[in-house]
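Visitor: can't give you the sequence, but here's the structure:
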């Protein structure tokens, strides 16, 4: 039986990082199985072909914002709540699929109104991310309340999806969620888009090497993702320095945002300017082609176990 699924995504879908890739691939798989998917999200972000995306109205006082925690997200989520309610009344979903804790909180209320079960796509600890973004002090007076709220949200969902077994353990051990309600669904990518290099790619890869000034004959290590201290980008550069000292025929191609100028400067200060190339991650064609180079894809992180970058 085909289902109508209302996805609530409290983020600027679509942008080029992990949380959004998960939302995208889940929506596409559900569509391939004959289900109708409507995604409600913030007003910024790229629209993609084949997806039914409903966006909130913009806030007049804060048109531009960066990834991560912000006090302005309270207003964004208020607008998202109203837009989601309107979408639910028109769409009449069989299932509400909410991403992130903010989405799950909104989805739990809408699910009660529309009598639709809530599936919560858990993408890491709410309090953990707020601490990582220096938005919440773990020793401050608000931390216990936010931790309590996080626990309540976790227990409101009929089913919780995670992308790792570490996240399953986190939900069970720290929040007391029943094991029968948590399902680990590992992250994946579209293998028709991201795939190992083939002989037919040789010319395209050579052309991109030339554009990026990557010397011929070097093994290329590709990183694609957010550039931030909590993502371990500092550790990635430290690791690159160690690798290059032993393997001078290695080149690091680092694609992502924000913080690129800062991390390029750090790499140059460590003497890695000739062995690193920084590229904004929004060039889809270059992402697909350059990922075919990867000798190994690094995934540094300073955070406790979770699935991927979010927000």
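Guide: That came through, no problem. None of these values were measured; they are calculated from a predicted model.
Visitor: wait, a helix at residue 253?
Guide: No - counting by DSSP: H, G, I helix; E, B strand; the rest coil, residue 253 falls outside a helix, being strand.
Visitor: strands of the stretch 101-250 of the chain, start to end?
Guide: Along the stretch 101-250 of the chain, the stretches classed as strands by DSSP state E, counting those that start in this stretch are 118-121, 159-162, 182-184, 219-226, 250-257.
Visitor: deepest of the ones you listed, which one?
Guide: When you average the neighbours per residue for each of those (mean count of other Cβ atoms under 10 Å), strand 118-121 leads with a mean of 25. Backbone N, C-alpha and C define where each C-beta goes, glycine included.
Visitor: list the strands paired with it, with their directions.
Guide: Each strand paired with strand 118-121, and its direction, by DSSP bridges: strand 95-99 (parallel), strand 159-162 (parallel).
Visitor: follow-up on the earlier one: how about a markdown table for the strands of the stretch 101-250 of the chain, with distance to residue 22 and mean pLDDT added?
Guide: Listed next are these as a markdown table, based on distance: least, Cβ to Cβ, whole Å; pLDDT from 0 to 100:
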| stretch | distance to residue 22 | mean pLDDT |
| --- | --- | --- |
| strand 118-121 | 7 | 98 |
| strand 159-162 | 9 | 98 |
| strand 182-184 | 13 | 97 |
| strand 219-226 | 13 | 87 |
| strand 250-257 | 17 | 91 |
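Visitor: okay if I get these as a markdown table plus distance to residue 176?
Guide: As requested, the strands of the stretch 101-250 of the chain are arranged in a markdown table below (distance: least, Cβ to Cβ, whole Å):
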| stretch | distance to residue 176 |
| --- | --- |
| strand 118-121 | 15 |
| strand 159-162 | 12 |
| strand 182-184 | 11 |
| strand 219-226 | 30 |
| strand 250-257 | 36 |
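Visitor: related to what we said a few turns ago, Throw the strands paired with strand 118-121 into JSON lines and include distance to residue 211, thanks.
Guide: Formatted as JSON lines, these follow (distance: least, Cβ to Cβ, whole Å):
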{"stretch": "strand 95-99", "distance to residue 211": "35"}
{"stretch": "strand 159-162", "distance to residue 211": "39"}
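Visitor: how about low-confidence regions in the stretch 101-250 of the chain?
Guide: 189 (pLDDT under 70).
Visitor: which parts of it are helices?
Guide: 126-132, 143-156, 165-175, 202-212, 233-246 (DSSP state H, counting those that start in this stretch).
Visitor: next, count neighbours for residue 75.
Guide: Look at residue 75: counted by other Cβ atoms under 10 Å, it has 14 neighbours.
Visitor: how much space between it and residue 41?
Guide: Separation of residue 75 from residue 41 (Cβ to Cβ, to the nearest Å): 15 Å.
Visitor: please apply the same query to residue 209.
Guide: Residue 209 is 36 Å from residue 41, by Cβ to Cβ.
Visitor: domains of this protein?
Guide: 4-184, 199-291 (automatic domain parsing).
Visitor: in TSV: those, plus distance to residue 190.
Guide: Formatted as TSV, the domains of the chain follow (distance: least, Cβ to Cβ, whole Å):
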stretch	distance to residue 190
domain 4-184	6
domain 199-291	10
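Visitor: count of residues packed around the closest residue to residue 35 other than its chain neighbours?
Guide: Distance criterion Cβ to Cβ, 6 or more residues apart in numbering; nearest residue to residue 35, sequence neighbours excluded, is residue 3 at 4.8 Å. A count of nearby residues for residue 3, using other Cβ under 10 Å, gives 15.
Visitor: so what's residue 3 up against?
Guide: 35, 36, 93, 94, 95 (Cβ atoms under 8 Å, 6 or more residues apart in numbering).
Visitor: ok, the first one to residue 113 distance?
Guide: What that stands for is residue 35. 21 Å.
Visitor: now the second one
Guide: Applying Cβ to Cβ, the value for residue 36 to residue 113 is 20 Å.
Visitor: again, but for the last one
Guide: Distance of residue 95 to residue 113, computed by Cβ to Cβ: 14 Å.
Visitor: got it, and the fourth one?
Guide: Using Cβ to Cβ, one gets 14 Å for the distance from residue 94 to residue 113.
Visitor: tell me which of those two has more neighbours.
Guide: Between residue 94 and residue 113, counting by other Cβ under 10 Å, residue 94 is the more crowded of the two (17 against 10).
Visitor: nearest residue to the more buried one in space, please, no chain neighbours.
Guide: Nearest one to residue 94, counting by Cβ to Cβ, 6+ apart, is residue 3 at 4.3 Å.
Visitor: how far away is that neighbour from residue 157?
Guide: As judged by Cβ to Cβ, residue 3 and residue 157 stand 17 Å apart.
Visitor: how about residue 116?
Guide: The value you get for residue 116 to residue 157, if Cβ to Cβ is used, is 12 Å.
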